[in-house]
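Engineer: need coordinates for the below:
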Amino acid sequence: MGVGEKAFMLAAGLGLRMRPLTLTTPKPLVPVGGKPLIAYAMDKLRAAGVSETVVNVHHLANQIEVWCKTVTMPRITISDERDVLLDTGGGIARAVPLLGPDPFFVMNSDSFWTDGKVPALERLKLSWRDDDMDCLLLLCDPAHTTGYDGRGDFIIDSEGRLAWAKQFPDRKALTYIGGYLVHPRLFERAPSGAFSMLRLWDQAMEKGRLFGLAHDGHWLHVGTVESIAAAEEYLRKA
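Structural biologist: Numbering: from 1, shown residues only. Sure, this is the predicted structure:
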């Protein structure tokens, strides 16, 4: 195996901001532009040559499991979190033994973007530097987003290293858009149980090993019921 040949997809969230849709449908299966959100993310992984993907489930887990059985490539393994919701870090940490020794992709199941000339996941693989990096995040200029009204999450230096934007209020900030490459070594000292991936990003940042890559396409942030229409309108015009 090699860099980016396996992936983990976060699909266990409760989707609270998309209620009432998510009372009966898990957010990854909410349709946008005629297909479920998770299908867009899975299409990106397939196109990037990912052969195996671990998908975690919790909220309305049976529905996601049924959908996953319709996917022939990449091969999907379910990480069952019905017993306890492990958050963005804990869910990945539980699945690390299934993901092998090489850097793997992590995708939000609602990761939804259009690519530039070279697909974003391929650009992440090409940009990976194992000696320098523990994690490489895909970021986007807020000006090239739909459904997002924040200032951004990170500032990026000339070498690609990241710092939190809140520490530099006068600097141009980029926002994280739900996809990254990470080396399993970052989880070696991870806490047990539920924890946010922000905790490990902080650790990598302190060591100068958290990097970012600016996306050259457009990000569609589908976080609320209202944002679905905006995303579909963008797709119609694209």
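Engineer: flag the shaky bits of this protein, pLDDT-wise.
Structural biologist: Within the chain, the stretches with pLDDT under 70 are 1.
Engineer: and the helices in it, which stretches?
Structural biologist: Applying DSSP state H to the chain gives helices spanning 37-47, 61-68, 87-99, 120-127, 197-206, 225-237.
Engineer: out of these, nearest to residue 20?
Structural biologist: For residue 20, the closest of those is helix 225-237, at 8.0 Å, according to Cβ to Cβ. (Each C-beta comes from the backbone N, C-alpha and C, glycine too.)
Engineer: for that closest one, packing partners?
Structural biologist: With contacts taken as 3 or more Cβ pairs under 8 Å, 6 or more residues apart in numbering; DSSP states H and E, helix 225-237 sits against strand 31-32, strand 145-146, strand 218-220.
Engineer: what's the most buried one of those?
Structural biologist: A comparison of the helices and strands packed on helix 225-237 by mean neighbour count, using mean count of other Cβ atoms under 10 Å, puts strand 218-220 on top with a mean of 24.
Engineer: and that strand, what does it pack onto?
Structural biologist: Helices and strands touching strand 218-220, by 3+ Cβ pairs under 8 Å, 6+ apart, are strand 113-114, strand 145-146, helix 225-237.
Engineer: now those in CSV, please, with extra columns for distance to residue 170.
Structural biologist: Formatted as CSV, the helices and strands packed on strand 218-220 follow (distance: least, Cβ to Cβ, whole Å):
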stretch, distance to residue 170
strand 113-114, 27
strand 145-146, 21
helix 225-237, 29
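Engineer: how about the ones you listed, which one is nearest residue 77?
Structural biologist: Residue 77 lies closest, by Cβ to Cβ, to one member of these: strand 113-114, at 24.9 Å.
Engineer: tell me the strands beside the closest one, with direction?
Structural biologist: Paired with strand 113-114 in the same sheet, following DSSP bridges, are strand 218-220 (antiparallel).
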